[in-house]
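A.B. asks: Here is a sequence together with a model predicted from it:
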Amino acid sequence: MRISIAILDDNVAFLEEFAIQVQEQCRILGLDAQIYPFSQAQDLHHFLNTGEQIDAAFVDIILPGESGISFAAKFQREFPHIKLLFITAVMANAVDIFDARPSYFLVKPVTAERLRKALVTVVEELQKEENNSIVVFGKGYAHRLRKSDIIFIESRGRQLEIHLQPNIVLSVYGKMADMEKRTEGALFRCHRSYLINLSYVDQIDKQDYILFTGQSIPISRERRGQARSLFFQYLALHERRNQTWI
């Protein structure tokens with residue numbers, strides 16, 4: 001299995017050593033890993049906004065100028081498909097860990113055994129999502145998409161516009177009813193012209209879902225009650241799923 005992993009830590013000596021450690025554990029697990037180390041949060045953010053795909057990210061809780069937890073919470077709103085793993089040397093700084101939803105939590109110094117368990121957890125989560133994918137066909141191309149990567153789908157006449165992260169839109173021919181069946185359980189038909197992934201929704205008002213990007217997705221009058229109910233159910237479910245891994 002191929003996997004792309006980013007590491008964010010301002011301690012350059014640790015960053016270099018940990019990158020080697022992650023690469024070695026991936027080799028032991030039989031993973032074809034690409035490791036991307038970053039010592040500054042803005043560099044990682046820029047890297048992702050260029051369209052590079054990352055499966056998982058190790059993020060240090062203590063970063064210069066901003067806590068890693070604060071950065072990670074914003075990071076997950078933009079890139080919720082990336083599996084987040086926290087690392088820290090100071091347990092006292094982990095009090096706000098639930099502000100983000102990490103797949104794992106590691107304490108420095110990181111042992112080989114704990115790192116291997118963290119990677120296994122991430123791989124299991126990625127494999128579940130890999131099985132939850134669809135293939136779409138456009139003019140001269142075919143794409144296999146994880147449903148979790150789809151932000152929303154908009155119907156425009158005979159075409160469907162599939163909005164992905166970051167800032168990628170695929171135009172394919174198809175019917176909204178067919179796409180609704182194919183994405184069942186992952187996307188919600190909030191309007192006759194829109195399917196939406198609730199993991200990208202920041203808030204709901206009387207007529208719209210508001211995405212973390214600031215975009216508004218309309219909710220049809222007859223679906224407003226269901227839209228509110230599903231959104232609050234989603235929030236409650238993910239609150240219960242929050243957990244630490246020490």
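C.D. replies: Alright, I've got the coordinates. Residues are numbered from 1 along each chain as shown.

A.B. asks: First residue to last residue on stretch 122-137, what's the distance there?
C.D. replies: Taking Cα to Cα, to the nearest Å, the first and last residues of stretch 122-137 lie 29 Å apart.

A.B. asks: Measure how far it is from the centre of its chain, please.
C.D. replies: Remark: stretch 122-137 is offset 12 Å from the chain centroid, using Cα atoms, centre = their mean, to the nearest Å.

A.B. asks: So what touches it?
C.D. replies: Outside stretch 122-137, the residues within contact range by Cβ atoms under 8 Å, 6 or more residues apart in numbering are 1, 3, 29, 31, 55-56, 81, 83, 85, 103-104, 142-148, 162, 170, 172-174, 182-183, 186. The way it works is simple: take the backbone N, C-alpha and C, and place the C-beta from them, glycine included.

A.B. asks: can you do 6 Å?
C.D. replies: Residues from elsewhere that reach stretch 122-137, judged by Cβ atoms under 6 Å, 6 or more residues apart in numbering: 55-56, 83, 103, 143-148, 172, 182.

A.B. asks: For PyMOL, write the select line for the buried members of these.
C.D. replies: In PyMOL, a selection of the buried entries from those looks like this (16 or more other Cβ atoms under 10 Å):
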select buried, resi 55+56+83+103+146+147+148+172
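
A.B. asks: So which of the contacts of stretch 122-137 is the closest to residue 210?
C.D. replies: residue 148 (19.7 Å; Cβ to Cβ).

A.B. asks: I figured the closest one hits residue 81, correct?
C.D. replies: Yes - applying Cβ atoms under 6 Å, one finds residue 148 in contact with residue 81, separated by 5.1 Å.

A.B. asks: returning to that earlier point: just the contacts of stretch 122-137: which are in strands?
C.D. replies: By the criterion of DSSP state E, membership of those in strands covers 56, 83, 143-146, 172.

A.B. asks: Could you check how far residue 221 is from residue 231?
C.D. replies: 16 Å (Cβ to Cβ, to the nearest Å).

A.B. asks: of those two, who's got more company?
C.D. replies: Using other Cβ atoms under 10 Å as the criterion, residue 221 and residue 231 rank with residue 231 on top: 19 against 9.

A.B. asks: The residue nearest to the more buried one when sequence neighbours are not counted pairs with what?
C.D. replies: Using Cβ to Cβ, 6 or more residues apart in numbering and skipping the chain neighbours, the partner closest in space to residue 231 is residue 204 (5.1 Å). For residue 204, the beta-bridge partners are residue 209 (DSSP bridges).

A.B. asks: okay, now residue 204: neighbour count?
C.D. replies: With other Cβ under 10 Å as criterion, residue 204 counts 19.

A.B. asks: again, but for residue 155
C.D. replies: Residues near residue 155, counting by other Cβ under 10 Å: 18.

A.B. asks: ok, what's across the strand from it?
C.D. replies: residue 160.

A.B. asks: Can you give me the distance of it to residue 178?
C.D. replies: Taken as Cβ to Cβ, the span from residue 155 to residue 178 is 11 Å.
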